[in-house]
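Participant: okay, predicted coordinates and the sequence, questions at the end:
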Amino acid sequence: MTEEKPIVREAPRSAAEKLASGHFMTRQDFTELLAGFQDPRITELLAGEAVRVRKKYYGTKVFTRGLIEFTNYCKNNCYYCGIRGANRSAVRYRLTKKEILECCREGYWLGFRTFVLQGGEDPFYTDERMADLVREIKGAYPDCALTLSVGERSYESYRLLREAGADRYLLRHETADREHYRLLHPEPLTLDNRKRCLMDLKALGYQTGAGMMVGSPGQTRETLVEDLLFLQELRPQMVGMGPFIPHHDTCFAKEPAGSVELTLYLLAIVRLLLPRVLLPATTALGTLDPLGREKGLAVGANVVMPNLSPRRNRKNYDLYDNKICTGEEAAEGFRNLRCRIAAAGYELVMERGDYLEEETKG
Ligand code: SAH
């Protein structure tokens with residue numbers, strides 16, 4: 001390390017400064033920026049700037065999203081995911097409309113004003129059923145934002161759901177590198193279709209979330225550079241990014257988990273790349289490190305997503321091993337989280353927390 005030429009050591013710093021001052025980043029810039037990982041001076045610079053930018057737009061507010069994991073049936077076979085269709089050991093469940101509305105009712109009573117419906121790609125949820133669900137929820141809670149996270153669908157389907165009242169959509173791109181995408185997902189899934197979905201969602205006026213796992217098998221500095229270039233181009237309103245965590249029933253069972261430090265490094269980069277982005281401190285981050293979510297807030301994250309799913313179903317929404325918050329009631333988990341966030345110096349807020357659009361005039 002000490003023999004490195006000064007010119008090499010300074011490149012990450014200038015890339016970090018370029019990012020922090022809001023300049024367009026080239027492939028070379030991102031490559032140099034990633035070379036600064038584990039250099040404490042760069043890490044501190046990025047974290048400090050990320051917190052400054054987050055504060056400028058959102059103060060110390062941390063937005064709350066109530067996550068309802070409403071089905072774990074899935075027709076896909078993403079190699080990393082514990083609820084992949086081919087996993088015969090997964091205990092499948094699907095909440096009824098009544099149960100979902102009950103989750104919203106409890107969430108609303110607790111103060112939540114955003115609900116996130118997340119699930120596997122469950123063929124039971126046709127456009128008609130999904131749109132009906134969206135209409136019911138928006139009808140009962142017109143002051144709440146509704147986010148969907150139900151995977152890849154057609155433009156027409158996204159359009160129907162948007163018309164039914166859905167406000168936001170989370171669809172991580174997972175990796176923007178074609179070969180890496182193939183390593184993580186069997187056919188018929190393709191990176192092109194994933195990107196097409198994200199473009200459609202944006203065009204339809206959804207507040208759109210992309211993102212990737214950190215440390216997924218086969219991920220390299222080059223694939224991360226692709227991810228950052230893609231995020232810079234897409235400019236999503238939300239970015240979901242957490243460490244990969246192996247699941248015992250998948251082919252990646254023996255792969256190492258992603259790094260908490262690298263996740264934090266990338267969170268800071270994403271905050272600077274997309275200054276107004278809504279950026280969750282994820283459950284996966286909290287699973288790998290007991291203080292993971294607090295650490296996420298300290299590098300620019302500004303969203304948490306407490307679980308509103310019924311307690312009896314939680315452990316079955318088993319994306320990866322040792323997922324936290326599966327044993328508690330919604331209210332209990334929420335109380336704990338609120339205390340922890342306050343202790344970390346932030347303010348958990350219950351408002352809808354929409355994306356802050358840039359001023360168009362003036
Ligand atoms: N079917 C939806 C929701 C998928 S689950 C969709 O396709 O968007 C939500 C996210 O969990 C995924 O996008 C993925 O990034 C993450 N995830 C799945 N398995 C994981 C694992 N083993 N470790 C960490 N994150 C995982």
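Facilitator: Perfect, thanks for sending it.
Participant: grab the longest helix from the chain for me.
Facilitator: helix 40-58 (DSSP state H).
Participant: show me what the following helix or strand past that helix is packed up against.
Facilitator: Moving toward the C-terminus from helix 40-58, the first helix or strand encountered (DSSP states H and E) is strand 61-64. In terms of contact count using 3 or more C-beta pairs under 8 Å, 6 or more residues apart in numbering; DSSP states H and E, strand 61-64 is assigned the packing partners strand 303-304, strand 347-349. In this view, the C-beta of every residue, glycine as well, is placed from N, C-alpha and C.
Participant: now tabulate those strands in TSV and tack on distance to residue 105, mean pLDDT and mean neighbour count.
Facilitator: What follows is these, written out as TSV (distance: least, C-beta to C-beta, whole Å; pLDDT from 0 to 100; neighbours: other C-beta atoms under 10 Å):
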stretch	distance to residue 105	mean pLDDT	mean neighbour count
strand 303-304	21	98	24
strand 347-349	21	96	16
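Participant: kindly reformat those strands as a markdown table containing distance to residue 176.
Facilitator: Shown next, in a markdown table, are those (distance: least, C-beta to C-beta, whole Å):
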| stretch | distance to residue 176 |
| --- | --- |
| strand 303-304 | 22 |
| strand 347-349 | 32 |
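Participant: which among those is found nearest to residue 197?
Facilitator: When the helices and strands packed on strand 61-64 are compared for distance to residue 197 using C-beta to C-beta, the nearest one is strand 303-304, at 21.5 Å.
Participant: contacts for the helix or strand that the closest one is followed by next, please.
Facilitator: The first helix or strand that comes after strand 303-304 along the chain, using DSSP H and E, is helix 311-314. Contacts made with helix 311-314 from outside it, assessed by C-beta atoms under 8 Å, 6 or more residues apart in numbering, are listed as 69, 72, 93, 95, 307, 325-330.
Participant: buried ones among those?
Facilitator: Applying 16 or more other C-beta atoms under 10 Å to those, the neighbour count classes 69, 72, 93, 95, 307, 325-326, 328, 330 as buried.
Participant: of these, which belong to strands?
Facilitator: Among those, the members found in strands (DSSP state E) are residue 69.
Participant: in the helix or strand residue 136 falls within, what counts as buried?
Facilitator: Element membership for residue 136 (DSSP H and E) is helix 127-140. Going by neighbour count (16+ other C-beta under 10 Å), the buried part of helix 127-140 is 127, 130-131, 133-134, 136-138.
Participant: okay, the residues you listed in TSV with pLDDT and distance to residue 45 next?
Facilitator: Rendered in TSV, the data for these read as follows (pLDDT from 0 to 100; distance: C-beta to C-beta, whole Å):
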residue	pLDDT	distance to residue 45
127	98	47
130	98	44
131	98	47
133	98	45
134	98	43
136	98	48
137	98	43
138	98	43
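Participant: out of the residues you listed, who's nearest the ligand?
Facilitator: When those are compared for distance to the ligand (C-beta to the nearest ligand atom), residue 130 comes out closest, at 12.9 Å.
Participant: close enough to count as contact, the closest one and residue 161?
Facilitator: Yes: under the criterion of C-beta atoms under 8 Å, residue 130 makes contact with residue 161 at 6.0 Å.
Participant: for these two, list the residues in contact with both.
Facilitator: Jointly contacting residue 130 and residue 161 under the rule C-beta under 8 Å, 6+ apart are residue 148.
Participant: for the stretch 201-350 of the chain, what spans make up the strands?
Facilitator: With DSSP state E, counting those that start in this stretch applied, the stretch 201-350 of the chain shows strands at 207-210, 213-214, 238-239, 242-243, 303-304, 347-349, listed in chain order.
Participant: and the contacts of the fifth one?
Facilitator: Read that as strand 303-304. Residues external to strand 303-304 that are found in contact with it (C-beta under 8 Å, 6+ apart): 62-65, 238, 278-281, 293, 337, 341, 348, 353.
Participant: try it again with 10 Å
Facilitator: Strand 303-304 has contacts (C-beta atoms under 10 Å, 6 or more residues apart in numbering) with 58, 61-65, 67, 114, 209, 238-240, 277-283, 286, 293, 296-297, 334, 337-338, 340-341, 346, 348, 353.
Participant: low-confidence ranges in the protein?
Facilitator: Confidence mapping of the chain against pLDDT under 70 gives the ranges 1-9, 360-362.
Participant: need the residues of it near the ligand, please.
Facilitator: Residues of the chain that fall close to the ligand, judged by C-beta under 6 Å from any ligand atom: 80-81, 118, 120-121, 149-151, 171-172, 174, 213, 242, 244-245, 247, 284, 319-320.
Participant: so which of those residues sit within helices?
Facilitator: Per DSSP H, the subset of those in helices is residue 284.
Participant: how about the nearest residue to residue 294, chain neighbours excluded?
Facilitator: Closest residue in space to residue 294, ignoring its immediate chain neighbours: residue 344 at 4.5 Å, by C-beta to C-beta, 6 or more residues apart in numbering.
Participant: OK, contacts around the spatially most central residue of the chain?
Facilitator: Among the residues of the chain, the smallest C-alpha distance to the mean C-alpha position (C-alpha atoms, centre = their mean) belongs to residue 240, namely 1.7 Å. For residue 240, the contacting residues are 149, 170-173, 209-213, 278-280, 282, 284, 303, 305, taking C-beta under 10 Å, 6+ apart as the criterion.
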